[in-house]
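[1] Give me the fold of what follows.
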Amino acid sequence: MAAAEKDRISKYIISLKDDYESKLDGYEDILKDKEELNDALREKNSQLNSKLEAMSGDKKALNALQSEFSDLTAKYDAAIKDKESAESALAKACADHKKAESDHAKELEHCKSELQLAHEKAILELEQKYQATIQKLKEEKQAEIDKYQQKYFDLLEKTSSKK
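    Have a look, this model is predicted:
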């Protein structure tokens, strides 16, 4: 019985040993899988940290671009207001210029009319001033003409009577 008991205990020990080795192999496989998983997680963590750093740089660049965009938008809005103000001033200046041209043209016409009237008045005044002199000269010259005509008729008569 002792041999049977020994055999049974020996089989039991072998069974426990096989079970132990089987469980140990399972745990080693689990531990190996766990280590592989940890390595993969560390690598993934490293990649994610690199991406996070890159994204942080991108975020800073994005913030800088957004700030620059805001500045440019403000400058653009100011430029649009300046443009509209300049266009308004130009339109007013054009309108003022056209009015000034119109006023100048009217003033020029008025001056021409006044100058024409002054010229005609001066001519009339000169004619009145010299009218008596002109009349006297006309009478004198007409008398001379009459005298020469008389001489001509006399000569004509003399020449026709001699014929």
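
[2] and the helix or strand hosting Ser56, what other elements does it pack with?
    Following DSSP states H and E, one finds Ser56 within helix 2-162. Taking 3 or more C-beta pairs under 8 Å, 6 or more residues apart in numbering; DSSP states H and E as contact, there are no helices or strands that helix 2-162 lies on. Quick note: C-beta positions are derived from backbone N, CA and C, even for glycine.

[3] Okay, now the unreliable bits of the chain?
    Using pLDDT under 70 as the threshold, the predicted model of the chain has low-confidence ranges 1, 163.

[4] and with 90 instead?
    Low-confidence segments of the chain (pLDDT under 90): 1-8, 51-62, 123-141, 148, 152-163.

[5] Centre-most residue in it?
    Most central residue of the chain, judged by C-alpha distance to the mean C-alpha position with C-alpha atoms, centre = their mean, is Lys83 at 6.7 Å.

[6] Could you measure from it over to Ala89?
    When C-beta to C-beta, to the nearest Å is applied, the distance between Lys83 and Ala89 equals 11 Å.

[7] returning to what we had before: ok, the residue nearest to the centre of the chain - contacts?
    Contact partners of Lys83, counting by C-beta atoms under 8 Å, 6 or more residues apart in numbering, are absent.

[8] Roughly how far does it sit from Ala74?
    Relative to Ala74, Lys83 is positioned 15 Å away (C-beta to C-beta).

[9] now stretch 120-130: how far from the chain's centre is it?
    Averaging C-alpha positions (C-alpha atoms, centre = their mean, to the nearest Å) puts stretch 120-130 63 Å from its chain's average.

[10] Equivalent analysis for stretch 63-71, please.
    Relative to the chain's own centre, stretch 63-71 is displaced by 22 Å; criterion: C-alpha atoms, centre = their mean.

[11] Tell me how many other residues crowd Lys11.
    With neighbours defined by other C-beta atoms under 10 Å, the count for Lys11 comes to 10.

[12] Oh, that last question was meant for Cys111, not what I typed.
    Close neighbours of Cys111, defined as other C-beta under 10 Å, add up to 10.

[13] same deal with Ala122?
    Under the neighbour criterion other C-beta under 10 Å, Ala122 is assigned a count of 10.

[14] What of the one 4 residues further on?
    Leu126 is surrounded by 10 other residues when neighbours are defined as other C-beta under 10 Å.
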